[in-house]
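Peer 1: quick one: sequence and predicted model below, then my questions.
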Amino acid sequence: STPTLNYNYSARFTYSEPIFKGGFLQFSYYFQYKRSKSDNSTYTMPNDWEIAQGYGGDNVGVLDEKNSKSAQYTYYNHQADVSLRWIREKMSLNAGVSFQPQKSKLSYKKDQLDTVAIRNVFNFTPTFDFRYKFSKTSQLRINYRGRSSQPSMTDLLPIEDTTDPLNIRRGNPGLKPAFTNSFMAFYNTFDTEKQRGLMTHFRFENVLNSISNRSTYDPQTGGTVTMPENINGNWNLFGILGSNTALRNKKYTINTFTMARYNNIVSYMSDAQAESASDKNKTRQLSLSERLRGTYRNDWWEFSLNGSLAYTHSRNSFKEENNMDTYQFSYGASTNVRLPWNMSIATDISQNSRRGYADASMNRDELIWNAQLSQDFLKGNAATVSIQFYDILRNQSNISRVISAAMRSDTEYNAIYSYCMVHFIYRLNLFGGKGAGPRMGGPGRVLGLVLGLVLDRDMDLADSKVERIYRKSQFHFCGIFFAFFQITRNFVENEVVRWT
């Protein structure tokens, strides 16, 4: 790793001036100072040296002055915001501009190069946020924000990094800053009498002057020369629609959640057979998903049926063999039964399936079964003990996919998902009295202490760690949740297909 020393200081000042009824003119100033110093020394080791021998002592190489480098960055960032806030009973508006003068200084040493580069940048970004309340349970929000990002100082230096002779990197003094436009719209409504709700969210984002690495093949060495350049054409769309509907007697409810996403990703790519500058590569990705859940509940029993389907369509303009269509679908049921003697039993089971992955081992079916048994006791059901069993059949796995214009990465995480957790919950009534309220809250305030212990059939105590403190606050209920669980050794297997 590269030894690095960082300093970061910041301060903010805000002032608001009323100019008319419900209207305010707001001024804000933010200052940030950052300094970073790094020393990246490169050494040439003896021919008989091996990595296992380490570095230091008798294993000291010869300093490679040509490829060793050191850098010190100093940043002075100023941000001045001017905005108009207009507040009415049902409407609020916040519109303004942000002025961001920035100064960056780079002291850079590499071989015979000893230079100081100073860059002064002035960014201007508008902001807009509008909210309208149709009722207490229904509102619309529209938001726009623009932001700019600067290329790194080292990318702007006209120097070559030849540490790896087959992968030479070259700076580009002509790089422009990237600018991102983000537009968002959100709407939700809920009918308390009919117990029906609707939520929708839409977002559009595009990036001007994105920075992409452009590589040129060198037939003499068989290597590549890479230089960052600006490129346009990156944008994405995202939308979701969710609803919750109770039927006439309100014992039956139906929940749906629909999602759609489209990504247009471009970058520069190199063909190993080409000797000139590489062409643009474009990846188009469409993702669609749907979740449906139906539930019946009464005073002592709850039963649900659920199903989901997710589809991803990916097309790459560089190599058609990298085009893929993947599916993930699941269906199952869950139930919760409230028994006499303040006991309850809950269980859920689902069949999860994946199709379309290049590695056949990832295209599998998994039957997942979880269960829980809990018992309330003491006066007012102040205490609860429960035991939860996860992945009883030991079938669960976890796979993620990341797609860019340059590569596709399918990652499978191997970990222990089959375990059980024991909970003990005791609720303290801090304010007493008859109005202290029942177990789930009420006029009084309740403090709950939950201790959880993970017991795993494959547990190695040497690897267990205290990992998380979970806090939850709901209405007048405050809880502190301490979870003690095992972090097992995770093995990550990557199948990376590079489109170069």
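Peer 2: Done, it's in.
Peer 1: beta partners for Q328?
Peer 2: Judged by DSSP bridges, the bridge partners of Q328 are A310, R354.
Peer 1: for it, what are its contacts?
Peer 2: Going by Cβ atoms under 8 Å, 6 or more residues apart in numbering, Q328 touches S308, L309, A310, N352, S353, R354, R355. No exception for glycine: its C-beta is placed from N, CA and C like everyone else's.
Peer 1: just the CA atoms of the helix or strand containing T127, as CSV, please.
Peer 2: Using DSSP states H and E, T127 sits within strand 113-135. What follows is strand 113-135 as a C-alpha-only set of coordinates in CSV (Å, rounded to 0.1, in the frame of the first residue of the first chain):
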residue,chain,number,x,y,z
LEU,A,113,10.3,15.7,-13.1
ASP,A,114,9.7,18.0,-10.1
THR,A,115,6.7,20.2,-10.8
VAL,A,116,4.0,22.2,-9.1
ALA,A,117,0.6,22.4,-10.8
ILE,A,118,-2.1,24.8,-9.7
ARG,A,119,-5.7,24.6,-10.9
ASN,A,120,-8.4,27.2,-10.3
VAL,A,121,-11.9,26.0,-11.1
PHE,A,122,-15.3,27.8,-10.8
ASN,A,123,-18.4,25.6,-10.7
PHE,A,124,-22.0,26.8,-11.0
THR,A,125,-24.8,24.5,-10.1
PRO,A,126,-28.6,25.2,-9.9
THR,A,127,-30.9,23.5,-7.4
PHE,A,128,-34.7,23.2,-7.3
ASP,A,129,-37.0,21.5,-4.8
PHE,A,130,-40.8,21.7,-4.9
ARG,A,131,-43.3,20.0,-2.6
TYR,A,132,-47.1,20.1,-2.6
LYS,A,133,-49.3,18.4,0.0
PHE,A,134,-52.7,17.4,-1.4
SER,A,135,-53.7,16.2,2.1
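Peer 1: now do whichever helix or strand comes after that strand: distance to the chain's middle.
Peer 2: In the C-terminal direction, the helix or strand that comes right after strand 113-135 (DSSP H and E) is strand 138-149. On the basis of Cα atoms, centre = their mean, to the nearest Å, strand 138-149 sits 19 Å off its chain's mean C-alpha point.
Peer 1: residues of strand 138-149 that come out buried?
Peer 2: Buried residues in strand 138-149, counted by 16 or more other Cβ atoms under 10 Å: Q139, L140, R141, I142, N143, Y144, R145, G146, S148.
Peer 1: and of those residues, the nearest to K251?
Peer 2: Q139 (29.0 Å; Cβ to Cβ).
Peer 1: which residues sit in contact with the closest one?
Peer 2: Applying Cβ under 8 Å, 6+ apart, the residues near Q139 are R131, Y132, K133, Y187, N188, T189.
Peer 1: bridging residues for S149?
Peer 2: With DSSP bridges as the rule, S149 is bridged to A178.
Peer 1: filter the contacts of Q139 down to the buried ones, ChimeraX style.
Peer 2: Filtering the contacts of Q139 down to the buried ones (16+ other Cβ under 10 Å) takes a single ChimeraX command:
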select :131,187
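Peer 1: relative to E160, which of the contacts of Q139 is nearest.
Peer 2: Distance to E160, by Cβ to Cβ, is smallest for R131 among these, at 52.1 Å.
Peer 1: so that closest one is in contact with L140, correct?
Peer 2: Yes - using Cβ atoms under 8 Å, R131 is in contact with L140, at 7.2 Å.
Peer 1: and S353, what does it touch?
Peer 2: Y327, Q328, F329, S330, R364, D365, E366.
Peer 1: quick one: the third one and L309 touch, right?
Peer 2: Yes - at 4.6 Å, F329 counts as touching L309 under the criterion of Cβ under 8 Å.
Peer 1: where does the stretch 101-250 of the chain have low pLDDT?
Peer 2: For the stretch 101-250 of the chain, no stretch has pLDDT under 70.
Peer 1: show me where it has helices.
Peer 2: With DSSP state H, counting those that start in this stretch, the ranges of helices along the stretch 101-250 of the chain come out as 153-156.
Peer 1: what about M153, neighbour count?
Peer 2: When neighbours are counted by other Cβ atoms under 10 Å, M153 registers 19.
Peer 1: just to revisit the earlier point, any idea which of the contacts of S353 the model trusts least?
Peer 2: Ranked by pLDDT, the contacts of S353 bottom out at R364, which scores 86.
Peer 1: direction included, what does the strand holding T127 pair up with?
Peer 2: Counting by DSSP bridges, the strands paired with strand 113-135 are strand 91-110 (antiparallel), strand 138-149 (antiparallel).
Peer 1: would you turn the ones you listed into TSV with distance to T335?
Peer 2: Shown next, in TSV, are these (distance: least, Cβ to Cβ, whole Å):
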stretch	distance to T335
strand 91-110	44
strand 138-149	33
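Peer 1: ok, which of the ones you listed comes nearest T411?
Peer 2: strand 138-149 (26.9 Å).
Peer 1: just the CA atoms of that closest one, as CSV, please.
Peer 2: C-alpha atoms of strand 138-149 as CSV (Å, rounded to 0.1, in the frame of the first residue of the first chain):
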residue,chain,number,x,y,z
SER,A,138,-50.8,12.6,0.0
GLN,A,139,-47.9,14.7,-1.5
LEU,A,140,-45.9,15.4,-4.6
ARG,A,141,-42.2,16.3,-4.7
ILE,A,142,-40.1,17.4,-7.7
ASN,A,143,-36.4,17.9,-7.4
TYR,A,144,-33.5,18.9,-9.7
ARG,A,145,-29.9,19.1,-8.8
GLY,A,146,-26.8,19.7,-10.9
ARG,A,147,-23.3,18.9,-9.8
SER,A,148,-19.8,18.9,-11.3
SER,A,149,-16.8,16.8,-10.6
